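Student: Everything below, folded, please.
(one chain, ligands or ions: 2)
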Amino acid sequence: MKTQVAIIGGGPSGLLLSQLLHRAGVDSVVLERRSRDYVLGRIRAGVLEQGLTDLLRHAGVGARMDREGEIHDGFSIAVGGRELRVDLAGLTGGKTVTVYGQTEVTRDLYAAREAMDGAVITQAEDITLHDLTADRPRVTFVKDGAPHTLEAAFVAGCDGFHGVSRKSIPADILREYEKVYPFGWLGILSETPPVAEELIYARHDEGFALCSLRSRVLSRYYVQCPLDDRIEDWPDDRFWAVLKSRLPGDVAARLVTGPAIEKSIAPLRSYVAEPMRYGRLFLAGDAAHIVPPTGAKGLNLAASDIHYLSRALIACCRDGSEQALMDYSARALARVWKAERFSWWMTTLLHRFPEDGAFNHRIQQAEFDYLLGSRAAQTALAENYVGLPYA
Ligand code: APR
Ligand code: PHB
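Tutor: Ligands and ions are numbered 1, 2, ... in the order given. Next up, the predicted model:
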């Protein structure tokens, strides 16, 4: 098999890239290790920056998002009995975010690739990258027991944090930066009306909590939990009791509880791999970087990578111009690091750090105090939350 761009990974990054390339007349093949149903079964965040919603529309997959997604022009932060409403639109000259689940984005992308007969090979096993620094890299894999070889001009590594692409870069070239947080998030999805129309981030002395939503009848809630907790430690009743104890009283009183239809624990990590390019391999999305979910930046960062990478690949495949590909890693990383900073900052502001002493706790309180009283501080928060521009 031959194609122009071999895309490793059929998550949102890989699918969006193949869709954008297709619309510009550039050929690609997506290789995904799992089944489509498995990929669509993963529940992830659902706050989309304008850069991402514009990109989805440009890719021709924005119609359902525009119908079903909810525009949010603010959210709240509640700490120790005080609440701040962050007026996103007012602080950023009218910018907003769209609440629409990542699962739905991925479903729309799969449907679009299928409608265009896009080559997406699922359940591809033993994917291995070869000759990445040569003119014609190759990807070998096994499908239904038979070995295959895919030849391409470029390889896009969109295979998430545990994929093979990043691991194919020699250790003496790849630099890794990492911070692991000493807690996790326990998340549940429940078919109940959300407790509020907007998101509420809360910090309590016992830990963080978040009230989010997918629709008027589907709620998503999280609480900070110890890293070694297991799902069995958290029957629904315990989850609801802990969530209520961390929310402002009036919010807790309004909360409608019900059975959890999904429950999972996720660790929190900040991670960046540099450079995002090795020869003809280009990394994008979770394959190159991870943010803690507090700022809802994971999918949005994948989108800005794909924005830069799709343009660079299109410029090269259509006009033979390699400059944008040469600049890709530095350009993507400049935006990645700012989102890393913001996600780290919001995580630090809103969680209980078990190892922290009294000094750090006071600094955390002062940080919230400062936010409450300073429009400048709120503006800095808001412009990052709605998403920094694609440079
Ligand atoms: N070969 C092929 N595919 C692989 C391999 C491999 N060796 N390893 C992993 N994959 C697939 C995974 O099964 C997954 O479907 O690559 C895909 C990567 O998808 P994601 O992990 O979703 O990463 P990405 O597409 O970059 O999406 C960005 O935003 O909100 C965040 O973390 C969240 O998933 C999210 C991400
Ligand atoms: C979610 O809805 O799952 C969600 C929302 C905001 C976040 C993280 C997760 O910051």
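
Student: Flag every residue of the stretch 101-250 of the chain that's near ligand 1.
Tutor: Neighbours of ligand 1 within the stretch 101-250 of the chain, by Cβ under 6 Å from any ligand atom: 102, 127, 158-160, 162-164. C-beta here means a position set from N, CA and C on the backbone, and glycine is covered the same way.

Student: Not counting sequence-adjacent ones, nearest residue to residue 163?
Tutor: Nearest residue to residue 163 in three dimensions, chain neighbours excluded: residue 287, at 5.2 Å (Cβ to Cβ, 6 or more residues apart in numbering).

Student: which residues does that neighbour contact?
Tutor: By Cβ atoms under 8 Å, 6 or more residues apart in numbering, the contact set of residue 287 is 9, 13, 157-161, 163, 165-166, 273.

Student: Same check on residue 67?
Tutor: Contacts of residue 67 by Cβ under 8 Å, 6+ apart: none found.

Student: can you redo the residues of the stretch 101-250 of the chain next to ligand 1 as a markdown table with neighbour count and secondary structure?
Tutor: Below are these laid out as a markdown table (neighbours: other Cβ atoms under 10 Å; DSSP: H, G, I helix; E, B strand; the rest coil):
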| residue | neighbour count | secondary structure |
| --- | --- | --- |
| 102 | 20 | helix |
| 127 | 22 | strand |
| 158 | 33 | coil |
| 159 | 27 | coil |
| 160 | 21 | coil |
| 162 | 10 | coil |
| 163 | 21 | coil |
| 164 | 17 | coil |
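
Student: burial of residue 354, as a residue count?
Tutor: Number of residues near residue 354 (other Cβ atoms under 10 Å) recorded here: 10.

Student: got it, and residue 320?
Tutor: Neighbour tally, residue 320, other Cβ under 10 Å: 7.

Student: separation between it and residue 7?
Tutor: Applying Cβ to Cβ, to the nearest Å, the value for residue 320 to residue 7 is 21 Å.

Student: what does residue 355 give?
Tutor: 41 Å.

Student: do residue 47 as well
Tutor: 25 Å.

Student: do the same with residue 43
Tutor: The value you get for residue 43 to residue 7, if Cβ to Cβ is used, is 23 Å.

Student: who's more crowded, the two?
Tutor: Neighbours were counted for residue 43 and for residue 7 using other Cβ under 10 Å; residue 7 has more, 30 against 19.

Student: For ligand 2, give me its nearest residue in the stretch 1-150 of the chain.
Tutor: When scored by Cβ to the nearest ligand atom, the stretch 1-150 of the chain has residue 45 as its residue closest to ligand 2, at 3.6 Å.

Student: Can you give me every residue that contacts the closest residue to that residue other than its chain neighbours?
Tutor: Excluding the flanking residues, the one nearest residue 45 by Cβ to Cβ, 6+ apart is residue 296, at 4.8 Å. By Cβ under 8 Å, 6+ apart, residue 296 lies in contact with 45-47, 97, 385.

Student: Of these, which belong to helices?
Tutor: residue 385 (DSSP state H).

Student: Intersect the contacts of residue 296 with the contacts of ligand 1.
Tutor: residue 45.
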